[in-house]
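> here is the input, now give the coordinates:
(2 chains)
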Amino acid sequence: MIEPKTLSGFRDILPSLALVKEDMLYEVKKVFRKFGFAPIETPHLEYTEILLGKGSDEIQKQLYRFKDNGNRDVTLRFDHTVPLARFVVQHKNELGLPFKRYAVGNVFRGESPQSGRYREFTQCDFDFIGTYSITADAEIVQVIFHSLKTLQINDFTIYLNNRKIMNGLAEKINASDKVGDILRTVDKINKIGSEQVQKLLISEVGLSQEATEEVMRFIVISQRETQGNFFEFIANYKNYNATMKEGIEELEFLYKILEKSGIDSRNYTIDFSIARGLGYYTGIVYETTLDKLPKIGAVASGGRFDNLTKSFSNDNLPGVGASIGIDRLIAALEQLEIIKSRNTPAKVLIANVDNNYIADSYVLANTLRDANIAVEVYPEVTKLNKQFAFADKKGHQYLVVFGENEATKGEFVLANLQTGDKTPAKSISDLY
RNA sequence: GAGAUUGUAGCUCAGUCGGUUAGAGCGCUGGUUUGUGGAUCCAGAGGUCGCGGGUUCGAGCCCCGUCUUCCUCCCCA
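Numbering: from 1, shown residues only, chains lettered A, B, ... in the order given. Here you go, the predicted model:
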């Protein structure tokens, strides 16, 4: 016998979770479409050189890379963004720019698995390609907002920052070459605290005491902690240099749009400590956390990457996009007890008590299906208590009994499994 | 990749100093009720103690290897 097992970091998803996940993806995709994002699909497997174009050393170590049967060097995709870069360059002329797309699918990373971190997981990406306009950034923020709202999540914060501000800061302290290290260190502030960040900036990044203090002074700036008009408060920093000025003005413009876009001002705020580790971001970045579960990490994040297609084409295409971490959201919703558990998509189970009337059961079932109600018929005649228990376990909301007694009376028994009510019903409309 | 940690029934876990036939709760199956569920009661099934090797008269327990779990670093969703 072969022992049934899955690879480390890979998992099966059972109906109770898969139903929730599919429902959530459906809702989120509806939001994407409402904003005009079109679905695309790209292969799970790509030539390694395509994926490595943008990859750092860290990412290389995490690749699922191998030789295929034709001895080609191939790699499983580790995100949707790099394949997107190849895709838009290859199909630019057919797409029409600017181009808005979403992609939902699994990606693979060979890192060591931990709770909530798998080697195969689902990413929901949506990106706006081919425009430098900050209105595109604003649209991405709105999509994040409406995606979470449609999933019944209300207590979340989209933190906003701009890479250009961080670059401008690095310029100011003459550490432009270290901006990546600074970002990665600053990014840990919520995890290890500001004192540790300060220590690391000196010992690991190699900043001077003075430069470190400047960085620390800067990254604690957040709109929520600021009294009065935030943009007036930070206006002075525009004098640092052109990069800083541009970064702040972009945020100002973004803010102006968001204020009038109808999204709740409690759900977004500017915070200079938001760094985003990923190297390819060049402008405004976002990171969304759940107010009640900050520890679960970012559930939706992204930003602007204006050099996306540089390695595939001479005429560069800018882009801005974000990704919703659907697996993490599911974990969050479970903890917040927003998810109600069930193991079947069917709302109604028609019990089978007598094979002589099974045909009538199917007529009833199909009538319900025509009314868009998911229904299944129990396949064999067994004791009714077994069929009740089955419906209970699976999570059907109603059980219908239709047999000889009902046929002669011209009605059927309708049991509401949640309330316990069992009533004779004459019409299927009682189920609506 | 480095360090720490875990592995016994479908699940959660006991298992004494190395000692004879490895336990519990939940779940599962059947009955109690040959057409009426959820926390009744009764019974039952289910384990090469992760895998391989070693020490020993004897290993779930000790040693080595390996896989796996989980955590930290790293990186990220």
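> quick check: residue A:399 is in a strand.
Yes - Residue A:399 forms part of a strand when assessed by DSSP: H, G, I helix; E, B strand; the rest coil.
> for it, give its distance to RNA strand B.
7 Å (CB to the nearest atom of the strand, to the nearest Å). No exception for glycine: its C-beta is placed from N, CA and C like everyone else's.
> got a list of what that residue touches?
Residue A:399 is in contact with A:348, A:349, A:350, A:351, A:387, A:388, A:391, A:414, A:415, A:417, counting by CB atoms under 8 Å, 6 or more residues apart in numbering.
> max pairwise distance over those: which two?
With CB to CB as the measure, no two of the contacts of residue A:399 lie farther apart than A:387 and A:414, at 14.2 Å.
> just to revisit the earlier point, just the contacts of residue A:399: which are in helices?
In helices, defined here by DSSP state H, the members of the contacts of residue A:399 are A:387, A:388, A:391.
> does residue A:146 touch residue A:31 like I think?
Yes - with contact defined as CB atoms under 8 Å, residue A:146 counts as touching residue A:31 (4.8 Å).
> those two: who's more crowded?
residue A:31 (22 against 19; other CB atoms under 10 Å).
> quick one: the helix or strand containing that one near RNA strand B?
Per DSSP states H and E: residue A:31 is located in helix A:15-34. No - if you take CB under 7 Å from any atom of the strand as the test, helix A:15-34 misses RNA strand B, and the best it gets is 12.8 Å.
> tell me what that helix is packed against?
strand A:99-108, strand A:120-129, helix A:134-150, helix A:326-335 (3 or more CB pairs under 8 Å, 6 or more residues apart in numbering; DSSP states H and E).
> residues in contact with residue A:397?
Residue A:397 is in contact with A:347, A:348, A:416, A:417, A:418, counting by CB under 8 Å, 6+ apart.
> out of those residues, which are close to RNA strand B?
A:416, A:417, A:418.
> residues contacting the first one?
Neighbour list for residue A:416: A:397, A:398, A:422, A:423 [criterion: CB under 8 Å, 6+ apart].
> quote the end-to-end distance of stretch A:391-409.
25 Å (CA to CA, to the nearest Å).
> pLDDT below threshold where in the stretch 101-250 of chain A?
When residues are selected by pLDDT under 70, those of the stretch 101-250 of chain A lie in A:115-116.
> what sits against residue A:61?
residue A:110.
> neighbours around residue A:422, how many?
13.
> how much space separates the nearest residue to it once chain neighbours are set aside from residue A:425?
Spatial nearest neighbour of residue A:422, excluding adjacent residues (CB to CB, 6 or more residues apart in numbering): residue A:415 at 4.5 Å. Here residue A:415 is placed at a distance of 10 Å from residue A:425 (CB to CB, to the nearest Å).
> so between those two, which is more surrounded?
The residue with more neighbours, out of residue A:415 and residue A:425, is residue A:415; 22 against 17, by other CB under 10 Å.
> who's residue A:127 bridged to?
Beta-bridge partners for residue A:127, by DSSP bridges, are residue A:101, residue A:321.
> that one: how many residues sit nearby?
Neighbour tally, residue A:127, other CB under 10 Å: 27.
> might one say that it is in contact with residue A:87?
No - with contact defined as CB under 8 Å, residue A:127 does not count as touching residue A:87 (10.3 Å).
> could you chop chain A up by domain?
As recorded under automatic domain parsing, the domains making up chain A are A:15-335, A:348-431.
> the closest residue to residue A:45 other than its chain neighbours and RNA strand B, how far apart?
The shortest distance from residue A:45 to any non-neighbouring residue, by CB to CB, 6+ apart, is to residue A:74 (5.2 Å). As judged by CB to the nearest atom of the strand, residue A:74 and RNA strand B stand 19 Å apart.
> within the helices and strands, which one has residue A:74?
strand A:73-76.
> contacts for the following helix or strand past that strand?
Beyond strand A:73-76 on the C-terminal side, the first helix or strand identified by DSSP H and E is helix A:81-95. Contact partners of helix A:81-95, identified using CB under 8 Å, 6+ apart, comprise A:40, A:42-43, A:46, A:50-51, A:53-55, A:77, A:99, A:101, A:103, A:125, A:127, A:129-130, A:280, A:305, A:308-309, A:311-313, A:317, A:319, A:321, A:323.
> show me which of the residues you listed neighbour RNA strand B.
Among the contacts of helix A:81-95, the ones lying near RNA strand B by CB under 7 Å from any atom of the strand are residue A:323.
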